[in-house]
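*Asks:* when you get a sec, could you give me coordinates for this:
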Amino acid sequence: MDLDFVRSQFPAFEQPSLQGQAFFENAGGSYTCRQVIDRLFRFYTEHKVQPYAPYAASEIAGAEMDEARARLSALLGVTPQELSFGPSTTANTYVLAQAFRKFLKPGEKIIVTNQDHEANSGPWRRLADEGIEVLEWRIDPATGHLDPATLEPLLDESVRLVCFPHCSNVVGEINPVTEITALAHAAGAFVCVDGVSYAPHGLPNVGELGPDIYLFSAYKTYGPHQGIMVINKALAELLPNQAHYFNADVLYKRFTPAGPDHAQVAACAGMVDYFEAFAAHHGAPVSKGAKMGSFVHDLMRQREIALLQPLLDAVKDRNDVRLLGPSVAEDRAPTVALALGRAAEPVARQLSEYGVMAGGGDFYAVRALQAMGLDPAQGVLRLSFTHYTSEAEVTQLIEALDRVL
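*Replies:* Predicted structure coming up:
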């Protein structure tokens, strides 16, 4: 991967205030690519009007919103009507839970995990108040591993939905989505996957993965602050409409009761602009769509794996930290959480003195930390990066860790 080309696509790397600062809090939100910024600026300055009206500026605004949906859905291997935009993944999940609240019958079951960020756990768990039985698929308390074998005993004919993360935002291990989805579907259940912590490391082909719902956040995939939600057409038609009654027949509007943020939706096309530029620069055999996305995904993952293993090697055998999740880079995303046996936020503050931007806290993964015997009040030190991180920055991080630990 050509790092110089990649970093040239992100204006943050040109800012004087960020020189010498190594950014390791990407799991909280990535830098924004130039293409998204350009589209957002253009929308606000040239056609910030109500879209889809019969005059030129409005027609352009609507066309740019439609372009974002069409191109992003093609990259994800789904149809445009199956892709919805919302204010955040947390809000999207909440709306989905309200739809399932009306769809499910008392005594039917939902399975959630204790590996999740609370956004993909709390809204579903609250359905217990409506008479829905909520079962917890639990992680291994020593490793944080989510074992498909322990899911099978929970599945029976009354389970209607299985919710789990593509990877946890503190454990980092990549869960086998297709295998888990097949188990759930065989039992007659739908599947909801939280992809927020995986998507920044290469957008997946959701159509091939197979879940009925896949959610992620554009502000973590180099874009604006939007939640992106894929809902299989067959399920979307079964669930009750959550939007204005006159929008019920438009699938991508059914689960977005609030009006869309026109400019940010349009700017999401800039993410695809970036992926296509990335693919073209690196000689991809195809220029558009899901196959192009797979090329970009694989090259990003190769890059991240090569950068991640030295960091894992530097921390996995230390007796003053506990590495959460796998110590093999191929098995995880580059989101590395360390339990320190003390409050993590002050250590993150110390790292900033060495030009390392990292986070300390519970990161809304309170249940996962508690399941692993950790105190959420102390939290964990989280070190997260993506494909635009340099070898020098990883070295800077490792040396800074040695100093502060």
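*Asks:* going by C-alpha atoms from here, please, whenever you check contacts or count neighbours.
*Replies:* OK.
*Asks:* now the helices for the stretch 151-300 of the chain?
*Replies:* 177-186, 206-209, 233-238, 262-267, 269-281, 289-315 (DSSP state H, counting those that start in this stretch).
*Asks:* pretty sure residue 311 is touching residue 393, no?
*Replies:* No: using Cα atoms under 8 Å as the test, residue 311 is too far from residue 393 to be in contact (10.8 Å).
*Asks:* give me the number of residues near residue 239?
*Replies:* 18 (other Cα atoms under 10 Å).
*Asks:* state the pLDDT value of it.
*Replies:* Here, the pLDDT recorded for residue 239 equals 98.
*Asks:* does it touch residue 103 like I think?
*Replies:* Yes: using Cα under 8 Å, residue 239 is in contact with residue 103, at 6.1 Å.
*Asks:* picking that back up, winner for burial among the helices of the stretch 151-300 of the chain?
*Replies:* For the helices of the stretch 151-300 of the chain, the largest average neighbour count (mean count of other Cα atoms under 10 Å) is found in helix 262-267, namely a mean of 24.
*Asks:* and the angle from the helix or strand residue 111 falls within to helix 177-186?
*Replies:* Using DSSP states H and E, the element containing residue 111 is strand 109-113. Going by axes from the mean of the first three to the mean of the last three Cα atoms, to 10 degrees, strand 109-113 is angled at 160 degrees with respect to helix 177-186.
*Asks:* neighbouring contacts of the host helix or strand of residue 101?
*Replies:* According to DSSP H and E, residue 101 maps onto helix 89-103. When contacts are defined by Cα atoms under 8 Å, 6 or more residues apart in numbering, helix 89-103 is touched by residues 86, 119-120, 123-124, 127, 130, 196, 215-217, 226-229, 239-242, 255-256.
*Asks:* let's see 7 Å
*Replies:* Contact with helix 89-103 is made by 86, 119-120, 123-124, 127, 215-217, 227-228, 239-240, 242, 255, as judged by Cα atoms under 7 Å, 6 or more residues apart in numbering.
*Asks:* stretch 244-261 now?
*Replies:* Counting by Cα under 7 Å, 6+ apart, 81-84, 86, 95-96, 236, 241-243 sit against stretch 244-261.
*Asks:* go again with 8 Å.
*Replies:* Contact with stretch 244-261 is made by 80-87, 92, 95-96, 233, 236-237, 241-243, as judged by Cα under 8 Å, 6+ apart.
*Asks:* go on, stretch 319-336?
*Replies:* 27, 143-145, 167, 169-174, 197-198, 201, 304-306, 308-309, 312-313, 315-316, 337-341, 382-386, 405.
*Asks:* buried members of these into PyMOL, please.
*Replies:* In PyMOL, a selection of the buried entries from those looks like this (16 or more other Cα atoms under 10 Å):
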select buried, resi 27+144+145+167+169+170+171+172+173+174+197+198+201+304+305+308+312+315+316+337+338+339+340+382+383+384+385+386
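*Asks:* following the strand holding residue 111, which helix or strand comes up?
*Replies:* Following strand 109-113 in sequence, per DSSP H and E, is helix 122-125.
*Asks:* so residue 243 versus residue 182, what's the distance?
*Replies:* 31 Å (Cα to Cα, to the nearest Å).
*Asks:* likewise residue 174?
*Replies:* Using Cα to Cα, residue 174 is found at 16 Å from residue 182.
*Asks:* got it, and residue 395?
*Replies:* 41 Å.
*Asks:* now residue 320
*Replies:* 40 Å.
*Asks:* swap in residue 248?
*Replies:* For residue 248, the distance to residue 182 equals 30 Å [Cα to Cα].
*Asks:* hey, where'd the strands end up in the chain?
*Replies:* 22-23, 83-86, 109-113, 133-137, 159-165, 190-194, 213-217, 227-231, 322-323, 335-339, 356-357, 359-361, 380-384 (DSSP state E).
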